[in-house]
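Trainee: coords please:
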Amino acid sequence: QTECQACLPEQWAPPSSEECQNRTVILLDWVHPLSIALLFFLATCLLLTSSTAIILLLNLNTPVAKSAGGRTCLLMLAALTIAALSTLCHFGKPSPVACVLKQPLFIISFSVCLACITVRSLQVVCIFKFASKLPPAYDRWMKKQGPEVTIFLVSVTILFISVLRVSLDTPLPSQDLQFYHDKIVQECSKTLSVGSGIELAYVSLLSVLCFSFSYMGKDLPANYNEAKCVTFSLMVYMISWISFFTLYLINRETFTMAAQVFATLFSVLAFLAGYFLPKIYIIVLRPHMNTTAHFQNCIQMYTMSKN
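Mentor: Below you'll find the model as predicted:
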C-alpha cells in the first residue's frame with residue numbers, strides 16, 4: 001500500500017502526482033520588464049519635479065510663484081520627490097528596512113503636500129470671500145506664521161501616527177503561502193492593517209478638506225482658482241488607489257505589485273500636472289501674464305463682477 005506524504009510548505013503537488021514541485025516565487029524583481037518600465041517612469045517623475053523646483057526657485061519673487069504658495073511650493077515638490085522615491089522600496093526581495101519605510105514614506109510626504117495645498121487654498125478663500133468678516137484671530141494667525149505652523153502640526157501628526165503604527169505593528173518580510181497553492185508571494189506583512197487604515201483615514205480627511213477649500217474658490221480669479229486642478233489631481237489619486245486595493249484583494253501577481261508602484265508615481269504626476277504645470281506654463285511661455293499689473297487687473301475685474 002502506498003502512503004502519501006505532505007509536501008514541504010515551499011512545495012506543492014498537482015493532483016495524482018508522485019513528487020513535489022517547488023512553488024513559483026512572486027516578487028517584483030529589479031530586472032523584470034515591468035520594473036524597468038516603472039524605473040523609467042520614476043526617473044521621469046524625478047526629472048519633472050527637479051525641473052519644476054529649479055524654475056520656481058529662479059522665479060520665486062514673481063506673482064505666479066507667490067500666488068502658488070512661494071517657498072511652500074518647494075516644500076511640496078520635496079514631499080512629492082520623497083513620495084516618488086518611496087517606490088524603490090517595492091523592488092526586489094522585501095527587506096526589513098524596505099518594509100518599514102515603504103508605506104510611511106509615501107503617506108507622510110503626501111500628507112505634507114496635501115496640507116500645503118489645503119492651507120494655501122484656505123488663505124486665498126479667506127482673503128477674497130471673507131476679508132470683511134474674518135475675526136481678529138485670523139489676522140494673528142497670519143502674522144504669527146500660522147500657515148507654516150499649521151502645516152508643521154499636520155505633518156507631525158501623521159509622522160506620529162506612522163511611527164506609532166510601525167512601532168506597535170512592525171511590517172516585516174513575509175511569504176504568503178495561502179493565497180496560491182502553487183506559488184509563494186514574497187511581500188511585506190501588515191499591508192492592510194488597522195494602523196494603515198488609520199493612516200488612510202487621515203489622508204482621506206486631508207483630501208476632503210483640500211477639495212472643500214479649493215472648491216470654495218471655484219469662482220475666484222483664474223490666477224487664484226485651483227478648483228479644477230486640485231479636483232483633477234485628487235480624482236486621479238483616489239481612482240489610482242481604489243483600483244490598486246481592488247486588484248490587491250483578488251490578485252497577488254507581479255502585475256499587482258507593479259500596480260502599487262504605478263499608483264504612487266501616477267499620484268505624484270497628477271499633482272505635478274494638476275497644480276504645478278499651469279504655473280510653469282505661465283512662467284515659461286506666458287511671461288506677460290506673470291506681472292503684478294496683470295494680477296491686479298484680474299483682481300479688479302473680479303471685484304467689479306461681485307459689486
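Trainee: for the stretch 1-150 of the chain, which segments count as helices?
Mentor: Here the stretch 1-150 of the chain has its helices, by DSSP state H, counting those that start in this stretch, at 33-58, 63-67, 71-85, 96-129, 136-143, 146-168.
Trainee: can I get those in a markdown table with distance to residue 202?
Mentor: The C-beta positions use only the backbone N, C-alpha and C, and glycine is treated the same way. What follows is the helices of the stretch 1-150 of the chain, written out as a markdown table (distance: least, CB to CB, whole Å):
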| stretch | distance to residue 202 |
| --- | --- |
| helix 33-58 | 24 |
| helix 63-67 | 28 |
| helix 71-85 | 15 |
| helix 96-129 | 7 |
| helix 136-143 | 22 |
| helix 146-168 | 6 |
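Trainee: what sits up against stretch 38-58?
Mentor: Residues from elsewhere that reach stretch 38-58 (CB atoms under 8 Å, 6 or more residues apart in numbering): 65, 68, 73-74, 77-78, 80-81, 84-85, 87-88, 91, 258, 261-262, 265, 268-269, 272, 276, 279-280, 283-284.
Trainee: looking at the helices of the stretch 1-150 of the chain, which is closest to residue 294?
Mentor: helix 63-67 (7.4 Å; CB to CB).
Trainee: packing partners of the closest one?
Mentor: When contacts are defined as 3 or more CB pairs under 8 Å, 6 or more residues apart in numbering; DSSP states H and E, helix 63-67 sits against helix 277-285, helix 292-306.
Trainee: list the buried residues in that helix.
Mentor: Neighbour counts using 16 or more other CB atoms under 10 Å place 63, 64, 65, 67 of helix 63-67 among the buried residues.
Trainee: what do you get for stretch 36-43?
Mentor: Residues of stretch 36-43 classed as buried: 38, 41, 42 (neighbour count, 16+ other CB under 10 Å).
Trainee: can I get those in CSV with pLDDT and distance to residue 184?
Mentor: CSV is the format used below for the buried residues of stretch 36-43 (pLDDT from 0 to 100; distance: CB to CB, whole Å):
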residue, pLDDT, distance to residue 184
38, 96, 22
41, 96, 27
42, 97, 27
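Trainee: can you add distance to residue 125 and give the residues you listed back as a markdown table?
Mentor: Formatted as a markdown table, those follow (distance: CB to CB, whole Å):
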| residue | distance to residue 125 |
| --- | --- |
| 38 | 38 |
| 41 | 35 |
| 42 | 35 |
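Trainee: quick one: which of these is nearest residue 234?
Mentor: Distance to residue 234 across the buried residues of stretch 36-43 (CB to CB) is lowest for residue 41, with 20.7 Å.
Trainee: out of the helices and strands packed on helix 63-67, deepest packed?
Mentor: Comparing the helices and strands packed on helix 63-67 by mean neighbour count (mean count of other CB atoms under 10 Å), helix 277-285 comes out on top with a mean of 16.
Trainee: show residues contacting it.
Mentor: Outside helix 277-285, the residues touching it (CB under 8 Å, 6+ apart) are 52, 55, 56, 59, 62, 64, 65, 68, 229, 289, 290.
Trainee: in the host helix or strand of residue 200, which residues are buried?
Mentor: In the assignment (DSSP states H and E), residue 200 maps to helix 194-216. By neighbour count on 16+ other CB under 10 Å, the buried set for helix 194-216 is 195-196, 199, 202-203, 206-207, 209-211, 213-214, 216.
Trainee: distance between that helix and the chain's centre?
Mentor: 12 Å (CA atoms, centre = their mean, to the nearest Å).
Trainee: repeat for stretch 20-40
Mentor: Centroid displacement of stretch 20-40 relative to its chain, using CA atoms, centre = their mean, is 24 Å.
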